[in-house]
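Asks: please work out how this folds:
(one chain, ligands or ions: 2)
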Amino acid sequence: MNVIVGLEIHCQLDTKTKLFCGCSTDYRDDEPNTHVCPVCLGLPGSLPVINRKAVEYALRVAKALHCTVPEESVFARKNYFYPDLDKGFQITQYDRPLAVSGYLDIEGDEGEKRVRITRVHMEEDPGRLVHKGGMDRPRYSLVDYNRAGIPLIEIVTEPDLRSPKEARRFLNKLRATLEYLGVFDSEKEGSLRVDANVSLEGSERVEIKNITSYKGVEKALTFEVTRQKNALRRGQKIVRETRHFVEARGVTTSARSKEMEQDYRYFPEPDLPPVRVAGWVDGIVLPELPDARRQRFMAQYGCSLIHARTLTGDLRLADFYEKVAAGTDPVLAATWVADTLLGELNYRDMPVAAVPSDTFAELVALVQEKSVTDRNAVEVLRILLDQIKEKGSCEGPRACVERLGLRIIGTGAREGDDPLASAAREAIAENPRAVEDYRAGRKEALNFLVGQVMKKTRGCAKPSDVNAVLIRLLSGEE
Ligand code: ZN
Ligand code: MN
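Replies: Ligands and ions are numbered 1, 2, ... in the order given. As a prediction, the model looks like this:
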């Protein structure tokens with residue numbers, strides 16, 4: 001059964017002021033209803049004026065998504081009643097959107113894949129309801145209009161995605177693209193909301209509303225695909241409906257079908273002239289986007305495709321990597337950033353922005369100059385990340401290595417002051433049985449001795465060095 005997924009994505013454009021008034025968009029830490037004015041409260045007689053920056057940001061997106069941009073687009077009123085919508089209608093675009101028929105290339109389930117974009121349009125964000133006493137059965141709800149009028153772009157895809165994983169990859173690529181364009185900040189709470197249409201080939205489609213996180217999209221779709229497959233297996237029919245994703249429980253629940261029977265009575269917004277953008281798009285110069293940067297990372301730094309893809313998949317990570325690579329071996333730096341650091345950050349739920357790039361570069365340099373083993377470098381990284389998490393800063397990697405005595409013990413050319421050789425001699429003296437076994441041809445006895453030496457050197461020696469030293473000593477070359 002083929003899975004068919006299409007997405008509608010709402011992103012907040014990262015402008016300083018709202019879409020139709022001068023209110024500040026920087027509302028997240030402020031008291032409710034302090035970023036409001038007659039326009040965004042929808043008071044009678046107030047008139048909206050379009051924010052030029054918001055249009056420019058939307059055009060950047062349209063261009064980056066290879067859309068066709070008509071010379072003129074038109075705002076419309078979408079009428080419906082809900083307490084977070086103060087005017088009783090949302091100003092959006094309907095039959096004449098800002099941009100149409102674009103695409104975004106992603107890494108699909110079966111290699112490179114082109115996902116078609118149906119349209120990109122501008123609209124205003126509604127306010128926000130705060131439910132007191134739980135989402136399912138709130139005792140009462142409060143409304144905050146600070147968010148009302150924040151500029152949004154809505155991006156609608158064709159039903160080109162074939163799995164929950166592809167949907168997540170698409171979103172990640174879209175997020176990266178928007179951040180590279182400098183029009184979107186994914187770290188701002190609530191800056192992205194997704195509705196997903198999902199069906200199994202030949203069955204009705206179901207719309208999942210209001211998914212608010214990147215991980216949520218894959219979770220909601222995975223749950224929904226399984227639910228639909230199970231229903232068909234039991235001989236039931238899939239009904240066309242709207243469902244809500246309950247993030248905390250990882251399930252979708254049916255919304256009352258009434259909520260679907262909406263007539264928005266769209267009509268052109270009489271208070272705003274059409275948006276004329278003739279020639280504007282041609283003048284927009286796009287910055288380097290993720291695909292181009294990935295190619296450059298491979299050519300300039302010798303990154304593997306997989307590393308280049310990971311590193312350029314996030315603007316902050318890509319910038320971080322370039323700073324680290326500037327002072328160290330770029331291929332080694334790629335491994336340490338893309339594999340080691342990312343894993344440790346994910347585990348701690350920390351952003352890359354929390355890590356000073358020069359600190360991390362110092363750690364990579366220690367590995368590069370073989371002052372510390374890979375394993376101990378990971379240990380040091382964990383200690384530093386925990387320090388950052390706890391108090392916001394950390395000691396230097398070099399200082400940490402010295403403090404814990406983790407400097408690598410090499411094979412030392414001279415006898416006498418070679419700590420690795422003396423540790424090996426000790427292990428040999430303490431384990432006559434193992435030595436006997438080894439001389440009798442039992443290879444696993446050597447592994448045992450290597451383990452003993454590693455213990456004595458507290459992991460500060462490379463296993464290959466220990467191996468070599470033991471073999472030299474045991475063959476009686478002394
Ligand atoms: Zn306002
Ligand atoms: Mn919308």
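
Asks: bridging residues for Ala76?
Replies: Thr92, Pro268 (DSSP bridges).

Asks: what's the neighbour count on it?
Replies: 22 (other CB atoms under 10 Å). Using the backbone N, CA and C atoms, a C-beta is placed for each residue, glycine as well.

Asks: for it, list the residues it contacts.
Replies: 91-95, 266-269 (CB atoms under 8 Å, 6 or more residues apart in numbering).

Asks: for Ala196, give me phi and psi.
Replies: Main-chain dihedrals, Ala196, degrees, to the nearest 10: phi -130, psi 130.

Asks: do the one 10 residues further on as well
Replies: Main-chain torsions, Val206, degrees, to the nearest 10: phi -120, psi 140.

Asks: could you check the pLDDT of it?
Replies: Confidence at Val206, expressed as pLDDT, is 94.

Asks: that one: how many residues sit nearby?
Replies: Residues near Val206, counting by other CB under 10 Å, number 22.

Asks: which residues touch the closest residue to ligand 1 within the stretch 251-400 of the chain?
Replies: Of all residues in the stretch 251-400 of the chain, the one sitting closest to ligand 1 is Asp271 (14.4 Å; CB to the ion). By CB under 8 Å, 6+ apart, Asp271 lies in contact with 47-48.

Asks: where does the chain have low pLDDT?
Replies: Flagging of the chain using pLDDT under 70 yields the residue ranges 134-136, 256-261, 410-417, 477-478.

Asks: longest single helix anywhere in it?
Replies: For the chain, the longest helix by residue count, based on DSSP state H, is helix 214-233.

Asks: tell me what that helix is packed against?
Replies: With contacts taken as 3 or more CB pairs under 8 Å, 6 or more residues apart in numbering; DSSP states H and E, helix 214-233 sits against strand 3-12, helix 164-180, strand 192-200, strand 206-211, strand 241-246, strand 251-254.

Asks: what strand or helix carries the closest residue to ligand 1 within the stretch 51-200 of the chain?
Replies: Distances between the stretch 51-200 of the chain and ligand 1 by CB to the ion are smallest at Gly149, namely 5.5 Å. Using DSSP states H and E, Gly149 sits in no helix or strand.

Asks: doesn't Cys40 make contact with it?
Replies: Yes - taking CB atoms under 8 Å as the definition, Gly149 is a contact partner of Cys40 at 3.6 Å.

Asks: tilt between the longest helix of the chain and helix 164-180?
Replies: Going by axes from the mean of the first three to the mean of the last three CA atoms, to 10 degrees, helix 214-233 is angled at 160 degrees with respect to helix 164-180.

Asks: now helix 214-233 against strand 3-12, angle please.
Replies: Interaxial angle of helix 214-233 relative to strand 3-12 (the same axes, to 10 degrees): 150 degrees.

Asks: tabulate the CA atom coordinates of stretch 67-75 in CSV.
Replies: Only the C-alpha atoms of stretch 67-75 are listed here, as CSV (Å, rounded to 0.1, in the frame of the first residue of the first chain):
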residue,chain,number,x,y,z
CYS,A,67,8.3,29.4,-7.9
THR,A,68,6.6,31.4,-10.5
VAL,A,69,5.7,34.8,-9.1
PRO,A,70,2.8,36.6,-10.8
GLU,A,71,3.1,40.4,-11.1
GLU,A,72,0.2,40.8,-8.9
SER,A,73,-1.2,39.0,-5.9
VAL,A,74,-4.3,39.8,-3.8
PHE,A,75,-5.2,39.5,-0.1
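
Asks: so how far is it off the chain centroid?
Replies: Centroid separation for stretch 67-75 versus its chain: 30 Å, with CA atoms, centre = their mean, to the nearest Å.

Asks: which residues are contacting that stretch?
Replies: 59, 62-63, 91-102, 117, 119-122, 268-269, 272, 274-278, 281.

Asks: same deal with stretch 281-300?
Replies: If you take CB under 8 Å, 6+ apart as the criterion, stretch 281-300 is touched by 56, 59-60, 62-64, 69, 105, 173, 176-177, 180-182, 303-305, 307-309, 311-313, 318, 321, 330, 334.

Asks: same list, these, but only the ones touching ligand 1.
Replies: When the contacts of stretch 281-300 are filtered against ligand 1 using CB under 5 Å from the ion, no residues are retained.

Asks: which of those are buried, as a PyMOL select command?
Replies: Per 16 or more other CB atoms under 10 Å, the buried members of the contacts of stretch 281-300 correspond to this PyMOL selection:
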select buried, resi 56+59+60+62+63+64+69+173+176+177+180+181+303+307+308+309+311+312+313+318+321+330+334
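
Asks: got the contact list for Ala167?
Replies: 5, 7, 161, 196, 217-218, 221.

Asks: and for His35?
Replies: 18, 23-27, 146.

Asks: run the last query once more with 10 Å
Replies: For His35, the contact set (CB atoms under 10 Å, 6 or more residues apart in numbering) comprises 17-18, 21, 23-28, 144-150.

Asks: confirm Tyr347 sits in a helix?
Replies: Yes - counting by DSSP: H, G, I helix; E, B strand; the rest coil, Tyr347 is located in a helix.

Asks: if we can go back for a sec, got TSV for the contacts of Ala167, with distance to ligand 1 and neighbour count too?
Replies: Formatted as TSV, the contacts of Ala167 follow (distance: CB to the ion, whole Å; neighbours: other CB atoms under 10 Å):
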residue	distance to ligand 1	neighbour count
Val5	36	24
Leu7	30	26
Leu161	37	28
Ala196	31	28
Val217	31	25
Glu218	36	19
Leu221	36	27
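
Asks: around ligand 1, pick out the residues from this protein.
Replies: 21, 23, 37, 39-40.

Asks: identify the farthest-apart pair in those.
Replies: Longest distance between any two of those is 7.9 Å, between Cys23 and Val39; criterion CB to CB.

Asks: find the residues that touch each one of those two.
Replies: Contact criterion CB under 10 Å, 6+ apart; residues shared by Cys23 and Val39: 148-149.

Asks: picking up where we left off before, buried stuff in the longest helix of the chain?
Replies: Residues of helix 214-233 classed as buried: 216-225, 227-228 (neighbour count, 16+ other CB under 10 Å).

Asks: compute the inter-axis angle for it and strand 241-246.
Replies: Using the same axes, to 10 degrees, the inter-axis angle of helix 214-233 relative to strand 241-246 is 130 degrees.

Asks: what are the buried residues along stretch 380-389?
Replies: So stretch 380-389, judged by 16+ other CB under 10 Å, has buried residues 380-381, 383-385, 388.

Asks: let me redo that: stretch 294-302
Replies: 294, 296-298, 301.

Asks: farthest-separated two in those?
Replies: Spanning the widest gap among those are Arg294 and Tyr301, at 11.0 Å by CB to CB.

Asks: where do the contact lists of those two overlap?
Replies: Residues touching both Arg294 and Tyr301 (CB under 10 Å, 6+ apart): 307-308, 311.

Asks: could I get the residues you listed as JSON lines with secondary structure and distance to Glu247?
Replies: Formatted as JSON lines, the shared contacts of Arg294 and Tyr301 follow (DSSP: H, G, I helix; E, B strand; the rest coil; distance: CB to CB, whole Å):
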{"residue": "His307", "secondary structure": "helix", "distance to Glu247": "32"}
{"residue": "Ala308", "secondary structure": "helix", "distance to Glu247": "32"}
{"residue": "Leu311", "secondary structure": "helix", "distance to Glu247": "29"}
